[in-house]
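>>> no sequence on this one, just coordinates:
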């Protein structure tokens, strides 16, 4: 940064305005990331020339526009020299439009005590209601001080919190609930729920409608601990219907707090939840109430093909059922609903034997890729029941690159000598879109080559030789040459 060395004041002003416009796009909570990266590069990776030689006396000579003054001084407050940072802060202190506040807050945890002192003084001077909107937009910078240890920030945090939760700052905090900065929005909800001037129930309802799962989860935990009986009962249905599993689990905790009767009813509904953790949670607490025959509940539910919670019932049957449930699970594997097929695939792999695993192989090429992925995960620990030749036939017929990737993962789970010929054949038959996938798995195999010392058999070497003779495999390919050389080193060991 050498603006003050430019000969033309007009050009210098234009450059400073561009810097101002660019930095204005960085949310306050991301300024720390910006400083960290610019500092790492400035001294060790890039020669910034005069930037490193900057001294406090130079700050007054910078040819910058009035509009960009705060931004440029903010950049100066990130300088490696503590003297420059302190001088920049004092110049920022003369600005009172709120644009300087993020840079002042950043320096509260500066590693130089004198800089921290100047920053703290300037921040506390701005603890007035008219500055509340600016503090709300910088909440991420404010409350990250809870985790900072260069100084004791408890007093400063207490003053800021007390001000923002006061009646005079009610409007500013309400605006913060809709902030575009996700971090600021999270902290605004925390402050609002602790304020005496906000309707806690309405704030919680609003928070549970946010897309951010962190806000919803935090509020769900808070309401279970702090809301009264009536308010809690009014908000629990919304939590119970949340698509984020931890929020639904907190709702169940809330029902347990309300009454034993409501808790048992919700736990019984939770047995058919789509998420396995919720089902396990419900079984755990229902066992304490004497309910033990869960498999009968699941068996009854899976026989209703139109049941809204069919996927959850199938998942529960896979967790509690036996081999006699395999026939009904096979029927549901072909269901039109993706969620049901995924649940049935996972359950069948858990309860079935080798025949069931063979039954699932075609679903590695299911029309829905998420079902392909679920099948790969479900059978990955049952490869002793799968002939690698059958897996290859499915792979060779599959046109989709992503589905091929899932099957290549299975090839990689076989032993080195078993998997190598098929990975080579996949590499030889690559296309412009999927050639990287077999190469990636071959490189992993080569990387782990010396971690296994099992000798290949004559049959293994024959299959590898046949694969190396594939028409699409180039002998001058570095990867092929490396694999060929590695195989040749083992050939004398074969008897």
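The structure has been received and is ready for your questions. As the structure is a prediction and not an experimental result, all values here were calculated from the model.

>>> Tell me where the stretch 51-200 of the chain is predicted with low confidence.
Per-residue confidence for the stretch 51-200 of the chain (pLDDT under 70) gives these ranges: 51, 197.

>>> And the helices in it, which stretches?
If you assign secondary structure with DSSP state H, counting those that start in this stretch, the helices in the stretch 51-200 of the chain sit at 69-76, 82-92, 101-106, 113-125, 132-137, 139-143, 154-164, 170-176, 182-193, 200-207.

>>> As CSV, these with distance to residue 489 and mean neighbour count would be great.
Quick note: C-beta positions are derived from backbone N, CA and C, even for glycine. As requested, these are arranged in CSV below (distance: least, C-beta to C-beta, whole Å; neighbours: other C-beta atoms under 10 Å):
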stretch, distance to residue 489, mean neighbour count
helix 69-76, 58, 23
helix 82-92, 59, 21
helix 101-106, 58, 25
helix 113-125, 62, 17
helix 132-137, 64, 22
helix 139-143, 57, 24
helix 154-164, 64, 16
helix 170-176, 66, 19
helix 182-193, 55, 22
helix 200-207, 63, 19
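
>>> Tabulate these (a markdown table), appending distance to residue 408.
As requested, those are exported to a markdown table (distance: least, C-beta to C-beta, whole Å):
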| stretch | distance to residue 408 |
| --- | --- |
| helix 69-76 | 48 |
| helix 82-92 | 52 |
| helix 101-106 | 47 |
| helix 113-125 | 54 |
| helix 132-137 | 48 |
| helix 139-143 | 42 |
| helix 154-164 | 52 |
| helix 170-176 | 48 |
| helix 182-193 | 36 |
| helix 200-207 | 43 |
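
>>> which helices and strands sit right next to the strand or helix carrying residue 220?
Under the assignment given by DSSP states H and E, the secondary-structure element containing residue 220 is helix 213-226. Contact partners of helix 213-226 among helices and strands, from 3 or more C-beta pairs under 8 Å, 6 or more residues apart in numbering; DSSP states H and E: helix 182-193, helix 200-207, helix 229-240, helix 245-258.

>>> how about that helix: buried residues?
215-220, 222-224 (16 or more other C-beta atoms under 10 Å).

>>> Those residues: which two are farthest apart?
The most widely separated members of these are 215 and 224, with 15.4 Å between them, by C-beta to C-beta.

>>> what's next to stretch 101-109, contact-wise?
For stretch 101-109, the external contacting residues (C-beta atoms under 8 Å, 6 or more residues apart in numbering) are 28, 31-32, 35, 70, 73-74, 77-78, 85, 88-89, 92-93, 115-116, 118-120, 122-123, 126, 131, 134-135, 138, 141-142, 145, 148, 150-151, 153, 156.

>>> Quick one: distance of that stretch to the chain centre.
A distance of 28 Å separates the C-alpha centroid of stretch 101-109 from that of its chain, computed with C-alpha atoms, centre = their mean, to the nearest Å.

>>> Over to stretch 296-309?
33 Å.

>>> again with stretch 88-101
Averaging C-alpha positions (C-alpha atoms, centre = their mean) puts stretch 88-101 36 Å from its chain's average.

>>> element containing the nearest residue to residue 316 once chain neighbours are set aside, please.
Taking C-beta to C-beta, 6 or more residues apart in numbering as the measure, residue 316 lies nearest to residue 298, with 4.3 Å between them; neighbours along the chain are not counted. Counting by DSSP H and E, the secondary-structure element that holds residue 298 is helix 294-302.

>>> and the next helix or strand after that helix, how far from the chain's centre?
Under the assignment DSSP H and E, the closest C-terminal helix or strand after helix 294-302 is helix 310-320. The gap between the average C-alpha position of helix 310-320 and the chain average comes to 27 Å, counting by C-alpha atoms, centre = their mean.

>>> Could you list every helix and strand in contact with helix 310-320?
With contacts taken as 3+ C-beta pairs under 8 Å, 6+ apart, helix 310-320 sits against helix 276-288, helix 294-302, helix 326-332, helix 338-351.

>>> deepest of those helices, which one?
When neighbours are counted by mean count of other C-beta atoms under 10 Å, the highest per-stretch mean among these falls to helix 338-351, a mean of 23.

>>> Buried residues, whichever helix or strand comes after that helix. List them.
The element immediately downstream of helix 338-351 (helix or strand, assigned by DSSP H and E) is helix 354-360. Neighbour-count burial for helix 354-360, with 16+ other C-beta under 10 Å as criterion, is recorded at 356-357, 359-360.

>>> go on, stretch 362-374?
Buried residues in stretch 362-374, defined by neighbour count with 16+ other C-beta under 10 Å: 363-366, 371-374.

>>> Show me the two of the residues you listed that sit farthest apart.
Maximum pairwise distance among the buried residues of stretch 362-374 (C-beta to C-beta): 12.9 Å, between 365 and 374.

>>> Low-confidence bits of the stretch 301-450 of the chain, can you list those?
Short version for the stretch 301-450 of the chain, where the test is pLDDT under 70: 305-306, 431-435.

>>> Endpoint to endpoint, stretch 166-184 covers what distance?
Taking C-alpha to C-alpha, to the nearest Å, the first and last residues of stretch 166-184 lie 18 Å apart.

>>> mind checking how far it is from the chain centre?
If you compare the mean C-alpha spot of stretch 166-184 with that of the full chain, they lie 26 Å apart, counting by C-alpha atoms, centre = their mean.

>>> Please apply the same query to stretch 446-459.
The mean C-alpha position of stretch 446-459 is separated from the chain mean by 37 Å, C-alpha atoms, centre = their mean.

>>> try stretch 238-258
How far stretch 238-258 lies from its chain's middle: 22 Å, per C-alpha atoms, centre = their mean.

>>> Mind listing what's buried along that stretch?
When burial is assessed from 16+ other C-beta under 10 Å, stretch 238-258 yields the following buried residues: 238-240, 242, 245-258.

>>> before we move on, back to that, what residues does the helix holding residue 220 touch?
185-186, 189-190, 193, 200, 204, 207-208, 210, 231-232, 235, 239, 242, 244, 246-247, 250-251, 253-254, 257.

>>> now the angle from it to helix 229-240?
Our comparison of helix 213-226 with helix 229-240, counting by axes from the mean of the first three to the mean of the last three C-alpha atoms, to 10 degrees, yields an angle of 150 degrees.

>>> Report the rounded mean pLDDT for helix 213-226.
Confidence over helix 213-226, taken as the mean pLDDT, stands at 92.

>>> quick check: angle from it to helix 245-258?
Comparing the axes of helix 213-226 and helix 245-258 via the same axes, to 10 degrees yields an angle of 10 degrees.

>>> contacting residues around stretch 257-274?
By C-beta under 8 Å, 6+ apart, the list of residues contacting stretch 257-274 from outside reads 224, 229, 232-233, 236, 240, 248, 251-252, 255-256, 278-279, 281-283, 285-286, 289, 291, 294, 297-298, 301, 309, 311-313, 315-316, 339, 343.

>>> My error: substitute stretch 74-84 in the last question.
Contacts with stretch 74-84, where a contact means C-beta under 8 Å, 6+ apart, come from 1, 19, 23, 35, 38-39, 42-43, 51-52, 54-56, 59, 85, 87-89, 91-92, 100, 102-103, 106-107, 110-112, 114-115.

>>> List the buried residues in stretch 486-495.
With burial defined by 16+ other C-beta under 10 Å, the residues of stretch 486-495 counted as buried are 487, 490.

>>> Could I get the average pLDDT for it?
On average, the pLDDT along stretch 486-495 is 81.

>>> residues in contact with residue 289?
By C-beta under 8 Å, 6+ apart, the residues touching residue 289 are residue 264.

>>> try residue 183
Contacts for residue 183 (C-beta under 8 Å, 6+ apart) come out as 27, 29, 139-140.
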